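Chemist: give me a model of this one.
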Amino acid sequence: MRSTVFSKPLLVVSWAFVAVACSSDSGLSPFASDGCSLFPDASLINNDDWCTCCVEHDIAYWKGGSEQQREKVDTALMRCVYKKTNDHVLANVMFEGVRFGGSLYFYNWYCWGYGWPYDRKYQALTEGEKKQAQALLEKYQASRQATCKN
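Modeler: Below you'll find the predicted structure:
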């Protein structure tokens, strides 16, 4: 019998992200988050929980923007994880992971600007796009179930 690293719920969420990220529509897709994509949301050893850092990071990644904005958001994730855990190694590992894995040149559900079609790349949001993102985010927040346990 072959074992698998991924659980069925993770695969379902992952495929939902792929469907959102691969939308052929030219507009912004509804926001979706799976917490810390392909990384634990919390410690299995103690009470450290950094899931909310990841959801905030996902919001920024979903919206996308300039390359400088991405660098700022990735640094904010690192600082948030460190603040929640007091663990420099964990914070740095997560920073390096999102810098590499979140590149918009990888066609995945968690890349920079995943709410937009892949051909968008690094591009600052217009005022209209910011309003669209805010409206979709408010709709998500009003109707969603909690992504994080805390």
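Chemist: give me the residue at the spatial middle of the protein.
Modeler: D58 (2.6 Å; Cα atoms, centre = their mean).
Chemist: so the closest residue in space to it that isn't next to it in sequence versus G128, what's the distance?
Modeler: Spatial nearest neighbour of D58, chain neighbours left out: S33 (4.1 Å); criterion: Cβ to Cβ, 6 or more residues apart in numbering. Just so you know, the C-beta spots here come from the backbone N, C-alpha and C atoms, and that holds for glycine as well. Using Cβ to Cβ, to the nearest Å, one gets 23 Å for the distance from S33 to G128.
Chemist: the two: which has the busier surroundings?
Modeler: S33 (22 against 8; other Cβ atoms under 10 Å).
Chemist: how far away is the more buried one from C53?
Modeler: 12 Å.
Chemist: T52: neighbour count?
Modeler: For T52, the count of nearby residues is 15 (other Cβ under 10 Å).
Chemist: A91 against D74, yeah?
Modeler: No. The pair A91 / D74 is not scored as a contact, 11.0 Å apart, by Cβ atoms under 8 Å.
Chemist: residue ranges for the helices of this protein, please.
Modeler: 8-21, 51-63, 67-85, 88-101, 127-143 (DSSP state H).
Chemist: now the longest one: average pLDDT?
Modeler: Put plainly, it is helix 67-85. The predicted model gives helix 67-85 an average pLDDT of 97.
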